[in-house]
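>>> Sequence first, then the predicted structure, then my questions.
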Amino acid sequence: MFGLGKFLSELQDLFGDLRGPAKALIVVLIGMAFAWMLINQQWAAALLLVLLAIVAGYLLELIGTLLLPQRPRAGLLFLEGWVLGPAAIAAFVSGLLVVLAIDLTPPKDTDAATEELMKTLAAGLSTFLSAAFVSWISEQDNTRISDRIRGQFYKKYKRAKVFPSPADGAMYFTPGSKGETTVYSSVQIGGWNFADRWERASRSLPSSKAEIDAALTRMHPTP
């Protein structure tokens, strides 16, 4: 049966993974809106929108951390929301680049040396701002987003070192258990990019601390 999953898989085979380009397109489109606001001297409103997006991102991340470790998929969904902050900053910077390109365009009567200096300055600012604020678009490991989400999972899912495990809100996995390899293994699952972290969250994890302690009890029976 040719279901939705198969259809989406076929589309990805035909066109490749479009998540990264789609993010870039969204940033550019929102950046154009920011550029319009900046050109019309609405700097305060533009900065307020960026600030609200950053606050919203942190609130979503907070909800995600509260859902871990019992509900990893729901928790991850909210953790992904932290991207609103970097996305808003990237869009604002994209709009700012448009404004800089307009303001740094040399007048027609500018001498050749000054014109070249202004073009070099504009290119340098564009390169710096793009490299500094738009790196979140990447779907690879070791980006700000992947590192941040990995850190949140590591805080909530830990390797058991003592018995009984501490009652600190985290789940402690027995060494070599399915839960431990799901979160910590870089062999079974490659890393923490978008696809990998969702695969980790989708695998069956222990449902409660009691289940972890039961496994630890079997490993360390009471004399």
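Right, received. Where do you want to start?
>>> quick one: what helix or strand has residue 61 in it?
Counting by DSSP states H and E, the element that carries residue 61 is helix 43-67.
>>> Please list the residues outside that helix that contact it.
Here helix 43-67 makes contact (Cβ atoms under 8 Å, 6 or more residues apart in numbering) with 34, 37-38, 74-89, 92, 95, 152, 155-156. Using the backbone N, CA and C atoms, a C-beta is placed for each residue, glycine as well.
>>> For it, could you pull out the residues that count as buried?
By neighbour count on 16 or more other Cβ atoms under 10 Å, the buried set for helix 43-67 is 46, 49, 50, 53, 54, 57, 60, 61, 64, 65, 67.
>>> cool, and stretch 186-201?
189, 192, 193, 194, 196, 197, 200, 201.
>>> Mind jotting down where the strands sit in this structure?
Applying DSSP state E to the chain gives strands spanning 157-159, 171-173.
>>> Now render those strands as a markdown table, adding distance to residue 22 and mean pLDDT.
Formatted as a markdown table, these follow (distance: least, Cβ to Cβ, whole Å; pLDDT from 0 to 100):
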| stretch | distance to residue 22 | mean pLDDT |
| --- | --- | --- |
| strand 157-159 | 30 | 85 |
| strand 171-173 | 34 | 82 |
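>>> The closest residue in space to residue 28 that isn't next to it in sequence and residue 88: what is the separation?
Leaving aside its sequence neighbours, residue 28 sits nearest to residue 94 (Cβ to Cβ, 6 or more residues apart in numbering; 5.9 Å). From residue 94 over to residue 88 the distance is 11 Å, taken as Cβ to Cβ, to the nearest Å.
>>> any common contacting residues for the two?
Taking Cβ under 8 Å, 6+ apart as the criterion, residue 94 and residue 88 both touch residue 30.
>>> And the most centrally placed residue in the chain, what's its pLDDT?
With distances taken as Cα atoms, centre = their mean, residue 145 lies nearest the centre of the chain, 3.0 Å away. pLDDT, residue 145: 85.
>>> Could you do the one 5 residues further on as well?
Confidence per residue is given as pLDDT, and for residue 150 that number is 92.
>>> contacting residues for the nearest residue to it once chain neighbours are set aside?
Distances taken as Cβ to Cβ, 6+ apart place residue 192 nearest to residue 150, at 4.4 Å, with adjacent residues excluded. For residue 192, the contact set (Cβ under 8 Å, 6+ apart) comprises 141, 146, 147, 149, 150, 200.
>>> Could you count how many residues lie near residue 184?
17 (other Cβ atoms under 10 Å).
>>> Tell me how far it lies from residue 57.
26 Å.
>>> before we move on, what about residue 63?
11 Å.
>>> what do you get for residue 88?
Distance, residue 88 to residue 57, using Cβ to Cβ: 8 Å.
>>> Ends of stretch 98-110, what's the gap?
For stretch 98-110, the first and last residues are 21 Å from each other (Cα to Cα, to the nearest Å).
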